[in-house]
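> whatever this is, show me its structure:
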Amino acid sequence: MLDIKQIENIVLDQMSSFRAKESGINREVDFTRFLRTEQITVISGIRRSGKSTLLRQFSEKLENFYYINFDDERLINFKVEDFNNLLIVWQKQFTSRTVLLDEIQNIPAWERFVRRIHDEGFKVFVTGSNAKLLSSELATHLTGRYFKLELYPFSFPEILSWHGLEKKEKLTTKNKAWALKVFDAYLKSGGFPEYLKSQDGEFLQRTYSDIVYKDIIARFGIREIKSFRQLATYLFTNFTGEINYNALSKILNIKSAISVKNYIGFLEESYLVFELHQYDYSLKKQLAANKKIYVIDNGMRNKVAFSFSENRGRLLENLVFLELRRREREAYFYRDKKECDFIIAEKNKIVGALQVAQKIDATNEKREVDGLLAALETFNLRTGTILTESEERTQKIGKKIINFIPVWQWLLTDGAAEKVV
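Here you go, the predicted structure:
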């Protein structure tokens, strides 16, 4: 166990640093919803996405609070038994009924402490960088006691806010041109807050490497280190493309398709990549079909992957996927004889369809339109959307209506455009 005096010194140091931390721009989060409830608030997301800053923003709306960050080498030997001494240290300083626990996944059996103090009437906020660890432990010990908030690198509206333009402002000719310039940079550079400040490409590479080595290889004891690294690089290089576990095991000389599936699962848990399933009424067929791969951030992708061209079409599609995740949409891709990039489900019903293309011209118009129409026909939808870099118009084909919307405009909407029946 750690000495009480040692814990006290760490807590005082951390609290001083935390209170001095800049709160940054407000994230697009319903603060009132999470502050009003007595439920535990769980903030999860990739390393360096701004979870601690969001916690700071929550703290500004609290009268007082206890705080500790477990991503601190001085707490490397902290055990569940030390939580009681931590409470003594806190209560020695002042009285509060709110606890902020940063990077909680570093402490084994943390959920038992959180459940105990929640049951004693404390309002608890926790953050963590591993999706499965949080989900599995929460499901086991904290069922019905928490709300989960997934945080991603900055969205486009947050990027605009960081530059001083709110999305609700009227876009005049001047600031529309400026917003387009910001979007062009966002498309390629992504939204990691620290990278936006420093423009240090090595920051993205270091963050990626830390996740691959510290959060995955070391934690899961992966022995096929070279093959695992090659798999991660392959997925980042071929983002928005389809994958097949058997094919990848042969291409990368990984011992089995099961290993490939598990490795991708580890990458998903750490929020580096995401799998998108092909929609099928049969869950068995859906699980057996090829998946599509998306990545956490365009800027990180461009710094760690092989790039043979600008890939603007893929960058746009990846942005759309990430925004669907932020909006908590249940998304799939559709394929029969034609293909549609995204279909949106709600309560076991398909309620929308989206196609993404850099531009629409003679070389791709029939393919993109026919793919969207096939999805509309299959799921009995009247209206669908094609998102491009700049095209804005409406086209009626038979009884179907297709809205062409620039991606940057769609990113500033409330999400209604992807839910049109």
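> quick one: the strands in the stretch 1-150 of the chain?
Assigned by DSSP state E, counting those that start in this stretch, the strands in the stretch 1-150 of the chain fall at 40-45, 66-69, 98-102, 123-128, 146-151.
> for the ones you listed, which one sits closest to A289?
Evaluated over those, closeness to A289 peaks at strand 146-151, with 25.2 Å, by C-beta to C-beta. For the C-beta atoms, the positions are set from N, CA and C on the backbone; glycine is no exception.
> touching the closest one from outside, list them.
Contacts with strand 146-151, where a contact means C-beta atoms under 8 Å, 6 or more residues apart in numbering, come from 27, 29, 33-34, 37, 39-45, 49-51, 54, 131, 134-135, 138, 325.
> okay, which residue is most central for the protein?
Centroid-nearest residue in the chain: Y152, 3.9 Å away (criterion: C-alpha atoms, centre = their mean).
> how far away is it from V351?
Computed as C-beta to C-beta, to the nearest Å, the Y152 to V351 distance reads 23 Å.
> please enumerate the helices of the stretch 1-150 of the chain.
Secondary structure of the stretch 1-150 of the chain (DSSP state H, counting those that start in this stretch): helices at 4-20, 31-36, 51-59, 83-93, 110-119, 131-141.
> just put the strands of the stretch 1-150 of the chain in JSON lines and tack on mean neighbour count.
Formatted as JSON lines, these follow (neighbours: other C-beta atoms under 10 Å):
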{"stretch": "strand 40-45", "mean neighbour count": "24"}
{"stretch": "strand 66-69", "mean neighbour count": "22"}
{"stretch": "strand 98-102", "mean neighbour count": "22"}
{"stretch": "strand 123-128", "mean neighbour count": "24"}
{"stretch": "strand 146-151", "mean neighbour count": "17"}
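> quick check, L165 in a strand?
No - assessed by DSSP: H, G, I helix; E, B strand; the rest coil, L165 does not belong to a strand; its assignment is coil.
> can I assume it is in contact with A177?
No - in this structure, L165 is not within contact of A177 by C-beta atoms under 8 Å, at 11.6 Å.
> of the two, who's got more company?
Shown here are L165 and A177; by other C-beta atoms under 10 Å, L165 has more neighbours (16 against 10).
> report pLDDT for that one.
Looking at L165, its pLDDT reads 81.
> excluding chain neighbours, what is closest to it?
Closest residue to L165 apart from its sequence neighbours, by C-beta to C-beta, 6 or more residues apart in numbering: N175 at 5.9 Å.
> format the strands of the stretch 1-150 of the chain as TSV; extra columns: mean pLDDT and distance to Y186.
Listed next are these as TSV, based on pLDDT from 0 to 100; distance: least, C-beta to C-beta, whole Å:
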stretch	mean pLDDT	distance to Y186
strand 40-45	94	18
strand 66-69	98	29
strand 98-102	97	27
strand 123-128	95	25
strand 146-151	92	17
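> to L412, which of those lies closest?
So among those, strand 146-151 is nearest, using C-beta to C-beta, at 19.5 Å.
> note down every partner strand of the closest one and its orientation.
strand 40-45 (parallel) (DSSP bridges).
> of the contacts of strand 146-151, buried ones?
Buried members of those, counted by 16 or more other C-beta atoms under 10 Å: 27, 34, 39-45, 49-51, 54, 131, 134, 138, 325.
> can I get the helices of the stretch 1-150 of the chain in a markdown table with mean pLDDT and distance to N298?
Formatted as a markdown table, those follow (pLDDT from 0 to 100; distance: least, C-beta to C-beta, whole Å):
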| stretch | mean pLDDT | distance to N298 |
| --- | --- | --- |
| helix 4-20 | 96 | 30 |
| helix 31-36 | 94 | 27 |
| helix 51-59 | 96 | 20 |
| helix 83-93 | 95 | 40 |
| helix 110-119 | 92 | 33 |
| helix 131-141 | 71 | 20 |
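> domain-wise, how is this structure divided?
Domain assignment for the chain by automatic domain parsing gives 4-151, 200-308, 321-418.
> need those domains in JSON lines (columns: distance to S161).
JSON lines is the format used below for these (distance: least, C-beta to C-beta, whole Å):
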{"stretch": "domain 4-151", "distance to S161": "5"}
{"stretch": "domain 200-308", "distance to S161": "18"}
{"stretch": "domain 321-418", "distance to S161": "11"}
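> L315: which of those domains is closest?
For L315, the closest of these is domain 200-308, at 5.1 Å, according to C-beta to C-beta.
> so which of the strands of the stretch 1-150 of the chain comes closest to D297?
Using C-beta to C-beta, the nearest of these to D297 is strand 40-45, at 11.2 Å.
> ok and that closest one relative to helix 51-59, angle-wise?
Strand 40-45 and helix 51-59 are oriented at 150 degrees to each other (axes from the mean of the first three to the mean of the last three C-alpha atoms, to 10 degrees).
> what about strand 40-45, distance to the chain center?
Strand 40-45 has its C-alpha centroid displaced from the chain centroid by 12 Å (C-alpha atoms, centre = their mean, to the nearest Å).
> same question for stretch 233-252.
21 Å.
> what do you get for stretch 364-378?
Counting by C-alpha atoms, centre = their mean, stretch 364-378 comes out at 29 Å from the chain centroid.
> from the helices of the stretch 1-150 of the chain, which stretch is densest packed?
Neighbour counts (mean count of other C-beta atoms under 10 Å) averaged over each of these peak at helix 51-59, with a mean of 20.
> so what touches it?
18, 21-24, 26-27, 29, 31, 34-35, 41, 43-45, 65, 67, 69, 100, 102-103, 125, 127, 129, 151, 193.
> repeat that with 7 Å
If you take C-beta atoms under 7 Å, 6 or more residues apart in numbering as the criterion, helix 51-59 is touched by 18, 21, 23-24, 26-27, 29, 31, 43, 45, 65, 69, 100, 102, 125, 127, 151.
> also stretch 315-335?
With C-beta under 7 Å, 6+ apart as the test, stretch 315-335 has contacts from 152, 155, 187-188, 239-240, 274, 276-279, 292, 294-295, 298, 340-346, 354, 356, 358, 375, 387, 389, 407, 411, 415, 418.
> now the nearest residue to V304 once chain neighbours are set aside: which helix or strand?
Once flanking residues are discounted, V304 sits nearest to Y208: 4.9 Å by C-beta to C-beta, 6+ apart. In this assignment (DSSP states H and E), Y208 forms part of helix 201-210.
> and for D280?
Following DSSP H and E, one finds D280 outside all helices and strands.
> correct me if wrong: it contacts Q286.
Yes - between D280 and Q286 there is a contact at 4.2 Å, judged by C-beta atoms under 7 Å.
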